[in-house]
Every structure is written in C-alpha cells, then in structure tokens.
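K.L.:
Curious how this folds, go ahead:
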Amino acid sequence: MKIPGYAVFLRRESRHGYDVNEVEDDATGSDPLLRVFRSPRLAVEPGSSIELYDDLTIECRPDQPFLVEGILAYGSLAGMFGAPNVGKSHLLLDLAYAVATETPWFGRAVKQGAVLYVTGEGVGGLKKRIMAIKDARNVVGRTGFTTANEIVQIGAHGRPNVNELVKAINAQMHELPVLIIIDTLSQAMGGDNENDAGAMNAAMRQLAALRDATGATVLVAHHSPWNGNRERGSTAFRASLDTLLQVNAALNVITLSCEKQRDLEKFTDIHFRLVRRLDSVVVAPEAAPERNLRPPNVAIGLTGRSDTVLRVLQGLGGEAVPTSTWQQACNAVRVPGSTFHNARLRLLNLGFITKVHAGVNILNSVSAAGIAALAPSSNGAPT
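P.N.:
Predicted coordinates for the structure are as follows:
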C-alpha cells in the first residue's frame with residue numbers, strides 16, 4: 001500500500017546520499033527510513049540553515065567513500081605541510097593528475113573526477129610542471145585538470161573570496177570538482193596572522209564552506225618551519241582537518257607520512273623522489289629505506305608494547321586478522337587503544353606486519369620480518 005507523502009520524503013532525504021531508487025515508497029516496515037518518516041515531528045520553521053539528525057538517520061547514511069583509498073576521504077577537509085622546497089607542490093600536482101586521469105596513486109585506487117588547483121604562482125608558473133607530468137604519464141589533451149589565475153582569499157579581507165570562486169566553478173567548469181587544492185594557506189590568508197587562533201579558525205571555516213558548496217575534498221598546503229616537525233602557526237589548523245599529511249626529505253628520499261586521520265586509519269609511509277623530466281621534475285615512487293634486522297628487537301628498536309602487540313597478532317593466527325579483533329585481544333592484556341594504534345603504525349612502518357583492505361575491514365598479518373623479530377636470538381635469550 002502506498003504511504004502518502006513517503007515518496008516526497010525520500011526525495012528530500014536523497015540529498016543526504018540515500019539511493020531512493022533502492023527504497024520502495026510502499027515499504028512494509030523493513031525500511032529503516034520509514035520509522036524516521038512516521039516519527040512525530042514539529043512544524044518546520046522556514047529560514048533555519050541548521051539541520052538536525054537523530055542516531056537512526058545517521059546509521060542509514062552511506063559510508064563516506066574514498067577519494068584516494070586509505071589516504072583521503074571524499075568530501076573531507078585535508079592539509080599537507082612540510083618545509084619550503086621539500087616537494088609539496090610537485091606531490092600535489094601528481095595527486096591532481098592521478099585523480100583527473102583515474103590512475104592509481106602510489107598503488108592506491110582513486111575516485112576519478114575534475115580537479116581544481118588554486119595556486120599563488122598563477123598559470124604561467126605551472127606550464128613546465130604540467131608539460132612534464134603529462135609527458136611522464138603519457139597523457140595528451142584535456143584531462144579534467146583546471147587551475148585559477150589567482151589564489152582565493154580566505155582571510156578577513158581580500159578578493160576573490162570563496163563565493164567568487166564557487167561562482168567561477170559553476171560558470172566555467174564542465175563538472176563540479178572532486179578535489180580542490182589550495183597552494184598555499186599563507187598566500188590564501190592574505191596577510192592574516194596564522195599564529196592567531198581566531199584568524200586561523202575563520203580561514204578554516206572558509207575552506208569548510210568551499211567544501212560544503214562543492215562537495216569536493218579540499219586539500220590545503222601549508223609550511224613548517226625549517227627543520228620543524230610540525231606545521232607553522234596555530235594548532236587550530238590541525239584541529240579543523242579530517243586528514244593531515246607531512247612531507248619530509250632525508251638522504252635524497254622524500255617521505256609522505258600521516259599525522260592525523262579523524263575517521264580513517266593512519267597509512268604507512270610513502271616514499272618518492274623528484275626526477276628530471278623535460279624542463280621540470282616529476283614524482284617517482286621510491287622503495288622504503290632498507291632496515292637492518294639484526295639483532296631483531298635491539299637494532300630495530302622494537303619496544304615492549306610493540307613486541308606485545310605483535311605477539312598478540314601472532315597468537316591470533318598471524319594472518320588476515322581484522323584490526324578490531326586484534327585490538328580487542330590487546331585490550332584483554334591491558335594495552336590501551338591509543339597505545340595499540342601507535343604500536344600498530346610502528347609495526348607497519350618497520351615492515352613487521354602487512355595489511356590489506358577487504359571491503360570496510362582491514363586485515364593484518366605478521367610478515368616474514370615480523371616473524372624473525374619475534375624469534376629467539378642466536379644466544380637463546382628471549383628477544
């Protein structure tokens with residue numbers, strides 16, 4: 001039996017990501033949205049921009065998809081920081097072309113779509129870099145990559161502002177971008193004090209507004225002080241982000257590492273070099289630096305907690321163990337959640353465990369190096 005008004009309700013809810021084609025408007029009661037529709041409601045007052053969601057509505061929403069598998073969620077707010085001239089802009093451009101051409105980025109699947117790259121260098125400064133990366137990727141013609149002639153201003157003053165950028169996107173791009181890159185935060189803030197929490201919060205709200213208006217992942221580049229391990233300026237920058245990435249260089253190898261993931265798991269470090277191509281340089285993947293595995297626990301620096309976490313994984317069979325199962329087993333031996341996640345990330349970086357994505361689950365296994373690290377030392381003493 002048709003339910004009066006239910007089809008209209010479903011169409012309204014479709015803007016939150018529901019596939020209304022998979023839901024019948026004569027539902028028999030098994031549809032969880034039907035409970036939301038039938039629940040008592042107050043009269044809707046016009047003019048409010050605030051939308052409220054109960055827990056059932058949130059449960060019914062689809063999972064947030066990846067833009068780059070395991071690194072960036074689609075529709076998120078992300079940042080990347082590193083010292084000046086470390087290679088951030090080249091890496092961002094490489095990411096942009098991976099998304100625009102739907103090619104894996106460091107072996108990870110991407111969501112294909114248009115990309116908008118907004119940089120303070122202007123169009124002229126990108127020409128050689130674009131020609132080099134298209135030559136390296138064997139790409140000709142239009143790809144869906146677009147840039148702007150000036151950087152958007154997200155500070156208290158200055159133009160063009162976010163509203164003007166959104167108008168330009170709607171008027172001049174053939175499709176809405178799935179990725180918007182702002183390079184750099186300092187230039188976009190237009191002289192506002194990045195050490196001031198109020199100014200930084202206001203700037204980050206503008207970036208969030210850009211994300212909400214377009215549905216894109218917004219990724220902003222930022223600097224760290226010379227030889228610094230954290231981003232420059234107020235911690236409000238970090239607090240506002242879903243994902244924070246760091247770029248470091250050592251021994252001619254550049255490393256992309258994960259400083260923060262709000263909802264995703266931290267990924268293992270990614271290594272690359274900048275190699276000459278035409279009149280510029282391009283990103284080339286690099287193997288992880290070799291590590292000396294002798295003696296196993298001493299040379300590598302396997303701590304007591306890391307050792308415990310690794311032994312728990314081995315005790316669970318050592319192969320294809322879901323992260324949640326592993327963490328529960330660690331909790332049982334008094335390893336707190338934060339310690340578990342830090343130890344797991346360290347084990348990944350050391351190459352002692354491997355992981356694979358299996359739908360929404362991540363399956364962990366002890367690697368050959370991990371088995372060697374847990375083996376008794378040559379003198380028979382425990383390691």
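K.L.:
lowest-pLDDT helix or strand in the chain?
P.N.:
When the helices and strands of the chain are compared on mean pLDDT, DSSP states H and E, helix 296-300 comes out lowest with a mean of 40.
K.L.:
Look up how far residue 318 lies from residue 87.
P.N.:
Distance of residue 87 to residue 318, computed by Cβ to Cβ, to the nearest Å: 37 Å. Using the backbone N, CA and C atoms, a C-beta is placed for each residue, glycine as well.
K.L.:
Please disregard the earlier target; I meant residue 248.
P.N.:
Between residue 248 and residue 318 the distance is 32 Å, computed by Cβ to Cβ.
K.L.:
Could you do residue 109 as well?
P.N.:
According to Cβ to Cβ, residue 109 stands 27 Å off from residue 318.
K.L.:
out of these two, which sits in the more crowded spot?
P.N.:
Applying other Cβ atoms under 10 Å to residue 109 and residue 318 shows that residue 318 carries more neighbours, namely 18 against 15.
K.L.:
for the closest residue to the more buried one other than its chain neighbours, what are its contacts?
P.N.:
Sequence neighbours aside, residue 366 is the residue nearest to residue 318 in space, at 4.1 Å (criterion: Cβ to Cβ, 6 or more residues apart in numbering). By Cβ atoms under 8 Å, 6 or more residues apart in numbering, the contact set of residue 366 is 310, 313-314, 318-319, 352-353, 374.
K.L.:
Which pLDDT value goes with residue 366?
P.N.:
We have a pLDDT of 87 for residue 366.
K.L.:
distance of it from residue 258?
P.N.:
In terms of Cβ to Cβ, residue 366 sits 22 Å off from residue 258.
K.L.:
what does residue 118 give?
P.N.:
24 Å.
K.L.:
the more surrounded of those two?
P.N.:
Neighbours per residue (other Cβ under 10 Å) separate residue 118 from residue 258, with residue 118 holding more: 22 against 19.
K.L.:
Once you drop chain neighbours, what's closest to the more buried one?
P.N.:
residue 148 is the one closest to residue 118 (Cβ to Cβ, 6+ apart), at 4.8 Å.
K.L.:
can you give me phi and psi for the one you found?
P.N.:
The phi and psi values for residue 148, taken as degrees, to the nearest 10, are phi -110, psi 160.
K.L.:
The spatially most central residue of the chain pairs with what?
P.N.:
Centroid-nearest residue in the chain: residue 72, 2.3 Å away (criterion: Cα atoms, centre = their mean). Under the criterion DSSP bridges, residue 72 forms beta bridges with residue 68.
K.L.:
That one and residue 219 touch, don't they?
P.N.:
Yes - here residue 72 reaches residue 219: they are 7.2 Å apart, a contact under Cβ atoms under 8 Å.
K.L.:
Identify the contacts common to these two.
P.N.:
Counting by Cβ under 8 Å, 6+ apart, the residues touching both residue 72 and residue 219 are residue 78.
K.L.:
Contact partners for residue 264?
P.N.:
Contact analysis of residue 264 by Cβ under 8 Å, 6+ apart lists 70-71, 73, 243.
K.L.:
can you pick the most crowded of those?
P.N.:
The most crowded member of the contacts of residue 264 is residue 243, carrying 25 neighbours; neighbours defined as other Cβ under 10 Å.
K.L.:
Quick check: phi and psi at it.
P.N.:
Dihedral angles (degrees, to the nearest 10) for residue 243: phi -140, psi 140.
K.L.:
quick one: the residue nearest to residue 118 from residue 214, how far?
P.N.:
Taking Cβ to Cβ, one finds residue 148 at 13 Å from residue 214.
K.L.:
Below-threshold pLDDT in the stretch 51-200 of the chain: ranges please.
P.N.:
Filtered on pLDDT under 70, the stretch 51-200 of the chain yields the residue ranges 122.
K.L.:
Okay, helices next: where are they in it?
P.N.:
All helices of the stretch 51-200 of the chain, identified by DSSP state H, counting those that start in this stretch, fall at 55-60, 88-101, 127-136, 162-172, 185-188, 197-214.
K.L.:
ranking those by burial, who's on top?
P.N.:
Among the helices of the stretch 51-200 of the chain, helix 88-101 has the highest mean neighbour count (mean count of other Cβ atoms under 10 Å), at a mean of 23.
K.L.:
from the middle of its chain, how far away would that one be?
P.N.:
What separates the centre of helix 88-101 from the centre of its chain is 14 Å, taken as Cα atoms, centre = their mean, to the nearest Å.
K.L.:
CA atoms of it as CSV?
P.N.:
The C-alpha coordinates for helix 88-101 follow below in CSV (Å, rounded to 0.1, in the frame of the first residue of the first chain):
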residue,chain,number,x,y,z
LYS,A,88,54.9,19.5,-1.7
SER,A,89,53.7,21.3,-4.9
HIS,A,90,55.1,18.6,-7.1
LEU,A,91,53.4,15.9,-5.0
LEU,A,92,50.1,17.8,-5.0
LEU,A,93,50.2,18.2,-8.8
ASP,A,94,50.9,14.4,-9.1
LEU,A,95,47.9,13.7,-7.0
ALA,A,96,45.8,16.1,-9.1
TYR,A,97,46.7,14.2,-12.3
ALA,A,98,46.1,10.8,-10.7
VAL,A,99,42.6,11.9,-9.8
ALA,A,100,41.9,13.6,-13.1
THR,A,101,43.1,10.6,-15.2
